[in-house]
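**Student:** This is a predicted model, with the sequence first.
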Amino acid sequence: MNKIGLIIKREYLRRVSKKSFLLLTFLTPFIFAALVFVPLWLSTIKGDDAKQVAIIDATGKYAPLFKNTEEYNFITEKGSSIEEYRKNPDKEIFAFLNITEDLLQNPSAATLYSEKQIPLGLKNVIDETLSNYLKDEKLETYNIENLKQIIADSKINFNIKTVKWDQDGGEKNTSAEVASILGMVLTLIIYMFIIMYGSMVMQGVMEEKTNRIIEVMISSVKPFDLMMGKIIGIGFVGLTQVFLWAILTSVLVAGSLFFFNGSASPEDVMNAQMAAQGMGDIAANTPNMNIQIQEVINSINFGMIGSCFILYFIGGYLLYAALFAAIGSALEQQEDASQFMTPIMLLMVFSLYAGIYSMNNPDGPLAFWCSMIPFTSPIVMMVRLPFDIPVWEILLSFALLFASAILIVWFSGKIYRVGILMYGKKPDIKEMMKWLKYK
Amino acid sequence: MNFLETEDVVKQYANHLALDKVSIQVPEGQIFGLLGPNGAGKTTLIRIINRITAPDSGRVLFNGRESQPDDIYQIGYLPEERGLYKKMKVGEQAIYLAQLKGLSYQEARKRLTSWFEKFDIMPWWNKKLEELSKGMQQKIQFITTIIHEPKLLIFDEPFSGFDPVNAEMLKKEILELKNAGHTIIFSTHNMASVEEICDNIALINRSHVVLSGNVTEVRSRFKTNNFTLKFQTEGSSIQEVPGMFSILDNQEQSGISEMRIHKETEIRNSTLLTTLAGQAEIISFTEEIPSMNDIFINTVSGTNTTQA
């Protein structure tokens, strides 16, 4: 086995067999799944004791309107007035609704009292009940026939259908929301991985330097091989993790869907899932919703996006990991690292924001340029990919990314070779530039 | 033949000159001691030989020709500051390092097992390095340095951190390596070990080689021509012979005199001994040859005061 292979193998196996890696890899999909399904599950659990709300209604018109909910029981109070309750509070009763006059005449005649802060939920229930009733009552006063019916009919919940034209003339339902969310998820994964695994490379390089392992290694391995072995080995760890996450997440989601089919209708689950992902009303309330969602999902070219994701992942990781390796090689103290990492982190955060803003306008100039610049392209391009951008843009962006990744790896190799054996003083950027010229 | 030579090696760091025209010659198959006080430049020279840093000027000759990048694969280097992966298991780590040095997995495992058994550290094979004592870690580092049997071995302070028993064992191993044909450079402050195992030395002080050569030759160069002799005082005495020797000191005790004399430079030892033997019944006759320790201290403090 050649040396770089040995190094890759060691870096890979050492990290993959760590408990923390196994824990993170196998728990994260469960956490993701939990984030989606726990709110849904919690919403099916009934609250414990309902709170008592007393209604003191001088008009007698409004009290029968209130229906008990899971959280509040409404009781109509006839005898005592609100003043009496104020003097001798009844601990059993949580809140008092005092209505003194006809609300159509005087909208401020209703007041809600409590010894505690009134929860928004209760206020909403009361507001809604009263305003619906008052609205109907008001409509009645106009004396127009079938007015209620007309108004009900005129309430239209509009959600435009988006269709993508195929080259062969076919049509596909698409969803801007699905595309955006997919893009965002991929972006976050790349962002997270570059930071996580990039700093892992830096840690590894610093470990070898501070432990002086490098002095022993130098007589058997070329510094460049050592650096590349580390970068590649850790890169494989990252790919393994992504791959395992993808598999585990899909298994878990499929499993949960199956499980929930028993207790809830598939629409509920889908809706809950969509709601959890912030997609709200897409295609809601249509009878063939499942089929539509299926179609929307099918309209996304997963093969293309998947392979682009892997390639951008590799390119972006190489670029940043090489930078991290160069920084790690120049430093001895963990404390000095943050100073050198700041510019890289700024670049990463900028990319992330550029990605988020690109979502609204995936073909705009910000999106275009940021998906060409190699430092931002792996992150920004992920947002744009589900929106079917031209192939030449993808190819150009790849070419730029990989060319600069190779360049950065070469530069970092030179800095690494000098830096890894340099002890004693903390170099500045100027000093590191000088190392590039060393033979 | 010299296996390794440096010629006028100069290394300048930002604010001080680490090495100034340093030339050493390391003969093949011998043990070469690189001596000098802290900060003299020994480690810098070793790092230059290892091609870890480049000299500003001067050459390093390997086997008679200028050293090539690939020459480092023939060097086993034990750095002064120990370098191993703390979190990695000992055996796994040793195999990894041996494989990087070009051994196959099976060969590495076989050789390591025999070394581990020899050093009595087999039970630590599956322990993490950080669980081991410093001396134990150094044994492992020593093994990984020599496992691929490189032609040139460089040990930087190999005895530091070893108890006397283990230091003795290490000394024995180093001598065995020499007998097996390896060329060895080792840097140390331990002068007693220098006398025992080094064939040649170079003493570096303040970036210069201040003393070099064969150990016996260096020691005799520092000889004072003083002798200590013991003889029976009964019926005899020793008198100064002008032009041959003078008496420095004489102590008599229960019929035996212990006398220190100084011999004139041109007189041969055997002539002196014949003359002395003619005067009294000699019990012992010893030339006072300074130890490497004395030479070290004299040379270093001497050059320091002259330069200061």
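**Tutor:** That came in fine, so what should we check first?

**Student:** Which element, helix or strand, includes the residue nearest the centre of chain A?
**Tutor:** Geometric centre of chain A, nearest residue: A:V185, 5.9 Å, by CA atoms, centre = their mean. Taking DSSP states H and E as the definition, one finds A:V185 inside helix A:176-210.

**Student:** same check, this time on A:R384
**Tutor:** Secondary-structure assignment from DSSP H and E places A:R384 in helix A:377-384.

**Student:** Now do the following helix or strand past that helix against helix A:377-384, angle only.
**Tutor:** Next helix or strand after helix A:377-384 toward the C-terminus (DSSP H and E): helix A:391-419. Computed with axes from the mean of the first three to the mean of the last three CA atoms, to 10 degrees, the direction of helix A:391-419 lies at 150 degrees from that of helix A:377-384.

**Student:** Skip the chain neighbours and tell me the closest residue to the closest residue to chain A within the stretch 201-308 of chain B.
**Tutor:** Per CB to the nearest CB, B:S207 is where the stretch 201-308 of chain B lies closest to chain A, at 16.8 Å. (Glycine included, C-beta is placed from N, CA and C.) Distance criterion CB to CB, 6 or more residues apart in numbering or on different chains; nearest residue to B:S207, sequence neighbours excluded, is B:D20 at 4.4 Å.

**Student:** can you give me the strands in the stretch 101-250 of chain A?
**Tutor:** Listed in chain order, the strands of the stretch 101-250 of chain A (DSSP state E, counting those that start in this stretch) span A:110-114, A:162-165, A:171-174.

**Student:** Hmm, I typed the wrong one, I wanted chain B.
**Tutor:** For chain B, the strands defined by DSSP state E occupy B:2-12, B:17-27, B:31-35, B:57-62, B:65-66, B:75-78, B:152-156, B:183-188, B:200-205, B:208-214, B:226-232, B:245-253, B:256-263, B:281-287.

**Student:** Out of those strands, which is the most enclosed?
**Tutor:** Among the strands of chain B, ranked by average contacts under mean count of other CB atoms under 10 Å in any protein chain shown, first place goes to strand B:31-35 (a mean of 26).

**Student:** other SSEs contacting that one?
**Tutor:** For strand B:31-35, the elements it packs on are strand B:17-27, helix B:42-49, helix B:164-179, strand B:183-188, helix B:191-197, strand B:200-205, judged by 3 or more CB pairs under 8 Å, 6 or more residues apart in numbering or on different chains; DSSP states H and E.

**Student:** So what's the residue count around the residue in the stretch 51-200 of chain A positioned nearest to chain B?
**Tutor:** Nearest residue of the stretch 51-200 of chain A to chain B: A:M200, at 13.8 Å (CB to the nearest CB). By the criterion of other CB atoms under 10 Å in any protein chain shown, A:M200 has 19 neighbours.

**Student:** Now do the contacts for it.
**Tutor:** A:R15, A:I234, A:V237 (CB atoms under 8 Å, 6 or more residues apart in numbering or on different chains).

**Student:** three-state assignment of the nearest residue to A:F375 once chain neighbours are set aside?
**Tutor:** The shortest distance from A:F375 to any non-neighbouring residue, by CB to CB, 6+ apart, is to A:L347 (5.3 Å). Recorded secondary structure, A:L347: helix (DSSP: H, G, I helix; E, B strand; the rest coil).

**Student:** Help me confirm that A:L347 comes into contact with A:S377.
**Tutor:** No. Counting by CB atoms under 8 Å, A:L347 sits too far from A:S377 to count as a contact (11.7 Å).

**Student:** between the two, which one's more packed in?
**Tutor:** A:S377 (27 against 16).
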